[in-house]
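# I'll drop the sequence and a predicted model, then ask my questions.
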Amino acid sequence: MDAFAIDLTKVRDISSRLVDDRGRLRIVSARTLEGTTAQERLLFGVRQGVYSFPTDELCDFLRSRIEGRVAIEIGAGHVLLAKALSIPATDNRQQEDPELKAYYAQIGQPTVPYGENVEKLNAAAAVAKYRPNVVIACWVTHRFDPDRPHAGGSVTGVDEASIIELCDEYIFIGNEHVHAHKPIWEMPHEKLTPRWLYSRAVNGSREFIATWRRSESSGT
């Protein structure tokens with residue numbers, strides 16, 4: 001995990017733009033985020049357990065891709081995106097594990113405050129239960145492969161190649177530097193880098209939306 005120092009005396013708190021009067025995260029237009037800096041988004045993201053910022057434009061894009069098909073979100077976290085799309089929200093909710101909570105407390109970061117409607121299911125179980133045509137994932141970590149240690153990942157991460165084979169379309173929202181080593185980049189895919197994507201990354205690389213389709217990946 002990349003680490004970056006933040007000078008709290010020089011970085012503006014942008015929470016008033018991104019939370020409602022009850023302190024709940026809300027989806028905003030990309031224009032709301034245009035005037036923010038990477039450091040400001042990092043500070044907000046760390047404090048709120050947010051990695052990617054859902055925007056109205058992202059929601060509109062995803063609705064156009066779903067087109068009435070059965071869809072779910074894996075790694076749904078806050079549940080904001082899935083709620084906006086009216087689709088099931090699933091997550092393994094691993095940051096509720098006492099050991100992980102202790103680790104995050106040690107490094108001074110809050111854990112993800114999972115939405116109350118986020119169903120505790122790992123990605124494979126979620127796909128088996130809902131049998132979706134479309135699977136959406138924002139900033140989820142891929143499964144660690146001991147034969148490819150350079151690719152990183154997590155032992156509790158998502159086996160994304162198997163997810164692709166079990167749905168019609170896998171849509172991933174991420175950052176080019178943070179997610180540079182996903183094994184599924186070797187599979188046929190489409191990648192877009194719209195200006196209305198925002199995250200807490202401060203590495204200077206672009207945010208992206210990438211899609212994998214079962215028919216392209218399996219050669220059928």
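In hand now; what should we look at?
# Find the residue closest to Ala126 in space, skipping its chain neighbours.
Of all residues not flanking Ala126 in the chain, Thr90 sits nearest, at 3.9 Å (Cβ to Cβ, 6 or more residues apart in numbering). The way it works is simple: take the backbone N, C-alpha and C, and place the C-beta from them, glycine included.
# Which strand or helix spans the one you found?
strand 90-91 (DSSP states H and E).
# returning to what we had before: now the residue nearest to Ala126, which residues is it bridged with?
Glu119 (DSSP bridges).
# In contact with it, which residues are there?
Shown here is Thr90, whose contacts under the criterion Cβ atoms under 8 Å, 6 or more residues apart in numbering are 72-76, 118-121, 123, 125-126, 130.
# all helices of this structure, in order?
For the chain, the helices defined by DSSP state H cover 15-18, 30-34, 38-48, 56-66, 80-85, 98-106, 123-130, 160-166, 214-218.
# Turn those into a markdown table, including mean pLDDT, mean neighbour count and distance to Pro194.
As requested, the helices of the chain are exported to a markdown table (pLDDT from 0 to 100; neighbours: other Cβ atoms under 10 Å; distance: least, Cβ to Cβ, whole Å):
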| stretch | mean pLDDT | mean neighbour count | distance to Pro194 |
| --- | --- | --- | --- |
| helix 15-18 | 94 | 14 | 19 |
| helix 30-34 | 96 | 14 | 9 |
| helix 38-48 | 93 | 18 | 16 |
| helix 56-66 | 98 | 16 | 7 |
| helix 80-85 | 95 | 21 | 16 |
| helix 98-106 | 85 | 11 | 31 |
| helix 123-130 | 98 | 18 | 25 |
| helix 160-166 | 97 | 19 | 22 |
| helix 214-218 | 60 | 14 | 21 |
